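**Q** what would the 3D arrangement of this be:
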Amino acid sequence: MLTRDDCVARDAADPLAPLRRQFALDRLDAAGGIYLDGNSLGVLPRATAGRVEQVIAEEWGSGLVGSWNTAGWITLSSSVANKIARLVGAGAGEVVVADSTSINLHKVVSAALALVQADAPGRRRVVSERTNFPGDLYIIEAAARAHGCEFAAVDDERMAAAIDGRLAVLVLSHVNYRSGRLYPMAALSRAAHAAGALAVWDLAHSAGAVPVRLGEGGDEAADFAVGCGYKYLNGGPGAPAFLWAHPRHAARLDRDQWRPPLPGWFGHEAPFDFSPEYRPGRGMARFLCGTPPILSLAALECGVDSVLAAEAHGGVAALRRKSAALTGLFIERVESRCAGHGLTLVTPREPAARGSHVTFAAASGGYAVMQALIAHSVIGDFRAPDLLRFGFAPLYTRYVDVWDAAERLAGLLASGEWRDPRFAVRSTVT
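**A** As a prediction, the model looks like this:
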């Protein structure tokens, strides 16, 4: 039977263990804390504070506006984008970093609809999954309506039937934010293509933790993708997001002179001509909008570099192996130690079918249980109405963290401590 000492031994033998030193975890470790929320906000890389201070004090403070040229600010977003491309199986120049995930999702759904409707005007249905992230659902519906299309959010079991001759665009999250389910990107993209539709993917809960191979596989390839910079990419709260379009679609949008729904000045063919008339930039440039947020980009680059450091230790494939082991261990320990306390596994049990977080539904008091657990220095999060969510970032989460987190959860459930009224007081952010 596995013991805590076995977990300590696993950590000692872990080839990814040296990468944990990249992160500012000293205070948390000293307090006996365990961070299991990297799927919501990644931990601060040690390099970030110094890099941002350099941008503030030297590049902005001394270089002032000249730093757009002398410090390379004008090309920073493209250099960060090319680093992200390495993590998601895309080529150089195929990714842009800009704006938020929501804004980028609106851009790519609009682009996908423009392409489909140019060839098949009768296709007027956009489909997503009912438990997709609500922000995604809002954006998808708005983009669909702007193109005169119907939007349908369907249950998992109806997904196959919804991919039919009416479908224009299928929009899904690679990893569901609630359940942690990992959708089969290749199979669903292939099904959408066979039906004459395009596939758009949100990589917010997979980029940096789950292998992604955008652009590969012919008919299995995704068509467009967006992703988040502040979860497994460790870019900091509100970090810029990213966007990808398959090269064949970027070329087609060029030929069609497609105008994005937000034709910002940085997406102009020649921004510093200051032309009063919008002319879309070539390729992925047309997806840019406003001025790049340099401080945020500097922080994001440090976060992306922290993930790229895994390339010397087996890359994203090694991260995925450890993620599967961590999540599997947590499921086993919670089900073993917390049996009889009203927790039901929501996340798929099969490793290949889950991402890097695990969700349990609580029969009662889910919010209070999570707040009590946080009071015991295990930081996860709660998603209404009853979900306890635990993220396992393989760059810095240890096997012993998994063991200890399950033990503390079992202890507070057995004691009933979570029933203390103070744990039911709701904070704005859950």
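**Q** which SSE is the residue lying closest to V126 once chain neighbours are set aside in?
**A** Leaving aside its sequence neighbours, V126 sits nearest to A144 (C-beta to C-beta, 6 or more residues apart in numbering; 4.1 Å). No exception for glycine: its C-beta is placed from N, CA and C like everyone else's. Per DSSP states H and E: A144 is located in helix 134-146.
**Q** mind checking pLDDT for the residue nearest to V126?
**A** The score at A144 is 98. That number is its pLDDT.
**Q** quick one on the thing from earlier: what packs against the helix holding A144?
**A** Helix 134-146 sits against helix 101-119, strand 125-129, strand 150-154, strand 167-173, with contacts defined as 3 or more C-beta pairs under 8 Å, 6 or more residues apart in numbering; DSSP states H and E.
**Q** could you give the angle of the third one to helix 134-146?
**A** If I follow you right, that is strand 150-154. Going by axes from the mean of the first three to the mean of the last three C-alpha atoms, to 10 degrees, strand 150-154 is angled at 150 degrees with respect to helix 134-146.
**Q** how far does strand 150-154 sit from its chain's centre?
**A** 23 Å (C-alpha atoms, centre = their mean, to the nearest Å).
**Q** quick revisit: would a markdown table of the helices and strands packed on helix 134-146 with distance to Y183, mean neighbour count and mean pLDDT be doable?
**A** Converted to a markdown table, the helices and strands packed on helix 134-146 look like this (distance: least, C-beta to C-beta, whole Å; neighbours: other C-beta atoms under 10 Å; pLDDT from 0 to 100):
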| stretch | distance to Y183 | mean neighbour count | mean pLDDT |
| --- | --- | --- | --- |
| helix 101-119 | 16 | 22 | 97 |
| strand 125-129 | 8 | 24 | 98 |
| strand 150-154 | 13 | 16 | 97 |
| strand 167-173 | 6 | 26 | 98 |
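**Q** burial count for the nearest residue to T327 once chain neighbours are set aside?
**A** Computed as C-beta to C-beta, 6+ apart, the closest residue to T327 that is not its neighbour in sequence is V358, at 5.1 Å. Neighbourhood size, V358 [other C-beta atoms under 10 Å]: 28.
**Q** for A368, give me phi and psi.
**A** With angles defined as degrees, to the nearest 10, A368 sits at phi -60, psi -40.
**Q** is it true that it touches S427?
**A** No: using C-beta atoms under 8 Å, A368 is not in contact with S427; the gap is 12.0 Å.
**Q** more neighbours, the two?
**A** Neighbour count, other C-beta under 10 Å: between A368 and S427, A368 has more, with 22 against 8.
**Q** look up the closest residue to the more buried one, ignoring the ones flanking it.
**A** F423 (4.0 Å).
**Q** do the same with L19
**A** L395 (5.1 Å).
**Q** which parts of the chain are helices?
**A** Secondary structure of the chain (DSSP state H): helices at 4-13, 26-30, 46-54, 67-70, 73-87, 101-119, 134-146, 159-162, 185-194, 247-256, 294-308, 315-337, 366-375, 399-415.
**Q** would you mind saying which of these lies nearest G264?
**A** Nearest to G264, of all the helices of the chain, is helix 101-119, at 10.2 Å by C-beta to C-beta.
**Q** for that closest one, name the packing helices and strands.
**A** Identification of packing neighbours for helix 101-119 by 3+ C-beta pairs under 8 Å, 6+ apart yields helix 134-146, strand 167-173, strand 198-202, strand 224-227, strand 242-245, helix 247-256.
**Q** sorry, back to before: need the per-residue pLDDT for the residue nearest to L19.
**A** L395 is given a pLDDT of 98.
**Q** wait, it touches R21, no?
**A** No: with contact defined as C-beta under 8 Å, L395 does not reach R21; the gap is 10.3 Å.
**Q** these two: which has the busier surroundings?
**A** When L395 and R21 are compared on other C-beta under 10 Å, the one with more neighbours turns out to be L395, at 25 against 9.
**Q** for stretch 172-183, give me every contacting residue.
**A** The contact list for stretch 172-183 (C-beta atoms under 8 Å, 6 or more residues apart in numbering) reads 128-129, 131-133, 136, 185, 188, 199-206, 210, 212, 327, 346-348, 352-359, 383, 387, 389.
**Q** filter those residues down to the buried ones and hand me the ChimeraX line.
**A** To isolate in ChimeraX the members of those that are buried, counting by 16 or more other C-beta atoms under 10 Å, one can use:
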select :128,129,131,132,133,136,185,188,199,200,201,202,203,204,205,206,210,212,327,346,347,348,354,355,356,357,358,359,383,387,389
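**Q** how about the spatially closest residue to R286 that is not a sequence neighbour, what does it touch?
**A** Spatial nearest neighbour of R286, excluding adjacent residues (C-beta to C-beta, 6+ apart): P280 at 4.1 Å. Listed by C-beta under 8 Å, 6+ apart, the contact set of P280 reads 253, 257-260, 263, 267-269, 286.
**Q** next, format the residues you listed as JSON lines and append distance to A195 and neighbour count.
**A** Below are the contacts of P280 laid out as JSON lines (distance: C-beta to C-beta, whole Å; neighbours: other C-beta atoms under 10 Å):
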{"residue": "L253", "distance to A195": "22", "neighbour count": "22"}
{"residue": "Q257", "distance to A195": "28", "neighbour count": "9"}
{"residue": "W258", "distance to A195": "23", "neighbour count": "17"}
{"residue": "R259", "distance to A195": "27", "neighbour count": "15"}
{"residue": "P260", "distance to A195": "26", "neighbour count": "21"}
{"residue": "P263", "distance to A195": "31", "neighbour count": "15"}
{"residue": "G267", "distance to A195": "31", "neighbour count": "24"}
{"residue": "H268", "distance to A195": "36", "neighbour count": "20"}
{"residue": "E269", "distance to A195": "35", "neighbour count": "13"}
{"residue": "R286", "distance to A195": "27", "neighbour count": "27"}
